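Participant: Build me a model from this:
(one chain, ligands or ions: 2)
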Amino acid sequence: MTMIAGYAHFVQLAESLQWDETDLDLTADRAAWPELTDDEQATVRGLIAGFVIAETSVAGQLGSYQAAARDDSMEATFRAQARDEARHARFFDLVAAEVLGVPGANPAQRQDVLRGYVSSELVDLFEHRLPATARQLAEDHTSLTGAVGLYHMVIEGVVLLAGQQAMLDTLGGLSRELPGVRKGMELVLRDERWHIGFGSRVVQGAELGAEQADGLLEQGETAAKVWGDLISSDAIESAVRQHRRRLKAAGIKFW
Ligand SMILES: [Fe+2]
Ligand SMILES: [Fe+2]
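Facilitator: Numbers count the residues shown, from 1 in each chain. Ligands and ions are numbered 1, 2, ... in the order given. Reported below is the predicted structural model:
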């Protein structure tokens, strides 16, 4: 076994980066929203819908990962991550309810509405494929590397990162600013960076076969497309390039 230090520094990092979605001031965002053009609203709504569905799903899957952790420090890191993902889900739901005015008495009702704004592939990835992978992991802890490959490398490293970058670009070009949403997006991205770093580290400690390694690359390329027209093909290519670089840096070889 190669020497792998524990994961405790990720838990410390997570602790130092804590924030609270209810501290964000969305007053200016609420005032600006009705002034945006229909196209601007459609893009922001589509991306926020994707984030609500994605973060709600990922937040609920980490229990299986905790159970399959190889040691206590890895378990504690998955737990710290689950706390972040739950906060991300609350933040995006808050934006949907208070800025976008998505109807619904609770997050589940708003999610029903928001599913109509994203592709069925996006819903399938987050509400079927990821939960199925987590269920399999709960039964067979040896599938941890592949499960982290899907969650941290493909979903967080490609799908969510590409979406978050597209959102920041969109926010930068709007006719009216949404400062509270922007601040929250930056905080989410800061959390996601350590999640991806943690996942890369878990994958790095494991031996991956040729088939599994190629699979991770292919999954990244396919998964990025779930955003459809909401993200430019340039942004997708850039996310896939970063994904390939990250996998290589984690010592994964492609055949
Ligand atoms: Fe997240
Ligand atoms: Fe994350």
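Participant: Could you check how many residues crowd around the residue of the stretch 1-150 of the chain found nearest ligand 2?
Facilitator: Taking C-beta to the ion as the measure, the point where the stretch 1-150 of the chain comes nearest ligand 2 is residue 85, at 5.4 Å. (C-beta placed from N, C-alpha, C; glycine too.) Residue 85 has 23 neighbours, counted by other C-beta atoms under 10 Å.
Participant: cool, the one 4 residues further on as well?
Facilitator: Residue 89 has 23 neighbouring residues, counting by other C-beta under 10 Å.
Participant: Please apply the same query to residue 185.
Facilitator: The burial count for residue 185: 23, using other C-beta under 10 Å.
Participant: now swap in residue 151 and tell me
Facilitator: 25.
Participant: That one touches residue 130, doesn't it?
Facilitator: Yes - counting by C-beta atoms under 8 Å, residue 130 is a contact partner of residue 151 at 6.7 Å.
Participant: Can you pull the residues that touch both of those two?
Facilitator: 58, 61 (C-beta atoms under 8 Å, 6 or more residues apart in numbering).
Participant: And the pLDDT at the nearest residue to residue 198 once chain neighbours are set aside?
Facilitator: In space, and not counting its chain neighbours, residue 198 is closest to residue 10: 4.9 Å by C-beta to C-beta, 6 or more residues apart in numbering. The score at residue 10 is 93. That number is its pLDDT.
Participant: what does residue 254 give?
Facilitator: 65.
Participant: what ranges do the helices span in this structure?
Facilitator: Remark: helices assigned in the chain by DSSP state H are 8-16, 27-32, 38-68, 72-98, 107-114, 120-124, 130-139, 144-148, 161-172, 179-204, 210-223, 233-249.
Participant: separation between residue 196 and residue 20?
Facilitator: Per C-beta to C-beta, to the nearest Å, residue 196 is found 23 Å from residue 20.
Participant: what about the two, which has more around it?
Facilitator: In this view residue 196 and residue 20 are compared by other C-beta under 10 Å, and residue 196 has more residues nearby, 21 against 10.
Participant: need the contact list for the residue lying closest to that one once chain neighbours are set aside.
Facilitator: Residue nearest to residue 196 in three dimensions, not counting chain neighbours: residue 157, with 4.9 Å by C-beta to C-beta, 6+ apart. Taking C-beta under 8 Å, 6+ apart, we find residue 157 in contact with 196, 199, 200, 220, 239, 242, 243, 246.
Participant: Going by neighbour count, which of the residues you listed comes out on top?
Facilitator: In the contacts of residue 157, the most neighbours by other C-beta under 10 Å go to residue 220, 27 neighbours.
Participant: how about the residues of the stretch 1-150 of the chain near ligand 1?
Facilitator: 55, 85, 88 (C-beta under 5 Å from the ion).
Participant: Show me what residue of this structure gets nearest to ligand 2.
Facilitator: Of all residues in the chain, residue 195 sits closest to ligand 2, at 3.7 Å by C-beta to the ion.
Participant: residues touching the nearest residue to residue 143 once chain neighbours are set aside, list them.
Facilitator: Of all residues not flanking residue 143 in the chain, residue 137 sits nearest, at 5.3 Å (C-beta to C-beta, 6+ apart). The contact partners of residue 137, taken as C-beta under 8 Å, 6+ apart, are 64, 65, 67, 68, 143, 144, 147.
Participant: Just the buried subset of those residues, please.
Facilitator: Among the contacts of residue 137, the ones that count as buried by 16 or more other C-beta atoms under 10 Å are 64, 65, 68, 143, 144, 147.
Participant: show me the contacts for the last one.
Facilitator: The reference is to residue 147. Going by C-beta under 8 Å, 6+ apart, residue 147 touches 64, 65, 68, 133, 134, 136, 137.
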